[in-house]
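[1] need coordinates for the below:
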Amino acid sequence: MLRSTRRGSSSVQAPRILGHEVVGEVAESRTPSVSVGERVNVAADSPCLECSNCRRGLENICTSMQSLGVNIDGGYAQFMRVPREFVDKGLVLPLPDGVSWESGALVEPVAVSLHALSLGRPRERDLTVVIGDGPNALIHTQLLKNIFHVRRVIVVGLMEHRLKQASILGADETLKVQDLGKEIGKLKEEGIDLLDLTIANEPSVREAMDLLTAGTKLVIFGGSQTDLPLRIDTNSVHYKQLTITGSTGTTVDEYRKAHQLIVAGQINLDKIISHTFSLYEIRKALEFTESQQGLKSVVIP
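    Predicted coordinates for the structure are as follows:
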């Protein structure tokens, strides 16, 4: 989002209020299904469910998507209008008292993570390597261990404090990027079943290519600022029986599933939220996030 404020975006047309991971208290309602005073999470995106992509089950790539902070004003404001379509599709979800405002705001990151990992089809016997140590990587780690019950999860990253948190949240092993080279041979000999690329920059893409072994499923979750080539030949894909997929967004059902997981306490989001900022400190919050000093930052109006 900081990139959008600095350099613009092909998706966001000014003037636009940003902010797409949103919770709030209902101040006014024109539908009986949502009550004034209710604490709710509002989904980031609402697919049309009618376009060719939606009809093919690709509602996460809807060609007429309504997205908060993109083509609809988002949550960086004291009040936000929620379109009726979000309510009708069940994308305004109640937050019970046991779920904090901060955790409730993170349904969307859990939903997109759930979508990505589902494409990788994790199995209980799998060895999974998560490349990246950001907030989404820590959500992926919890989903892999708590929901998919994967045998072994290794998180590879740069920041010592983030890798420590990954261990607290269930990672079986963590590796600093600079130590990965010493472990590649052993990992490839054992065989990596699922390779989860949560950050897409040139070094991480190169690391992913080096880790591919027979039968590896590579999920590219993180988007990159500039297009990066995947340097892999067709015979490697063919003879190693590799699976490579991208992932973007989430479906309505996966969004609701993510909400259920948070309400049930199966994902610990409080340990991922490291800092809070006021509505008047948005730029400071974005710059702090870019510095990678903390984990997930939340803006509280």
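
[2] where does pLDDT dip in this structure?
    Scanning the chain with the threshold set as pLDDT under 70 gives 1-10.

[3] go again using 80 as the cut-off
    1-11, 13, 224-227, 291-294, 301 (pLDDT under 80).

[4] tell me the SS of the residue positioned nearest the centre of it?
    Geometric centre of the chain, nearest residue: residue 109, 3.7 Å, by C-alpha atoms, centre = their mean. Under DSSP: H, G, I helix; E, B strand; the rest coil, the three-state class of residue 109 is helix.

[5] domain assignment for the chain?
    2-107+252-300, 110-246 (automatic domain parsing).

[6] kindly compare burial across those and name the winner.
    Among these, domain 110-246 has the highest mean neighbour count (mean count of other C-beta atoms under 10 Å), at a mean of 18. In this view, the C-beta of every residue, glycine as well, is placed from N, C-alpha and C.

[7] residue contacts, the closest residue to residue 246 other than its chain neighbours?
    Nearest residue to residue 246, sequence neighbours excluded (C-beta to C-beta, 6 or more residues apart in numbering): residue 220, at 4.7 Å. Contact analysis of residue 220 by C-beta atoms under 8 Å, 6 or more residues apart in numbering lists 197, 200, 244-247.

[8] roughly how far does residue 99 sit from residue 11?
    30 Å (C-beta to C-beta, to the nearest Å).

[9] same check, this time on residue 126
    For residue 126, the distance to residue 11 - C-beta to C-beta - is 34 Å.

[10] thinking again about what came up before, export the contacts of residue 220 to JSON lines and append columns for distance to residue 189 and secondary structure.
    Putting those into JSON lines (distance: C-beta to C-beta, whole Å; DSSP: H, G, I helix; E, B strand; the rest coil) gives the following:
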{"residue": "197", "distance to residue 189": "21", "secondary structure": "strand"}
{"residue": "200", "distance to residue 189": "26", "secondary structure": "coil"}
{"residue": "244", "distance to residue 189": "22", "secondary structure": "strand"}
{"residue": "245", "distance to residue 189": "25", "secondary structure": "strand"}
{"residue": "246", "distance to residue 189": "28", "secondary structure": "strand"}
{"residue": "247", "distance to residue 189": "28", "secondary structure": "coil"}
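
[11] distance to residue 188 for the residues you listed - can I get that in CSV?
    Shown next, in CSV, are these (distance: C-beta to C-beta, whole Å):
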residue, distance to residue 188
197, 16
200, 21
244, 17
245, 21
246, 23
247, 24
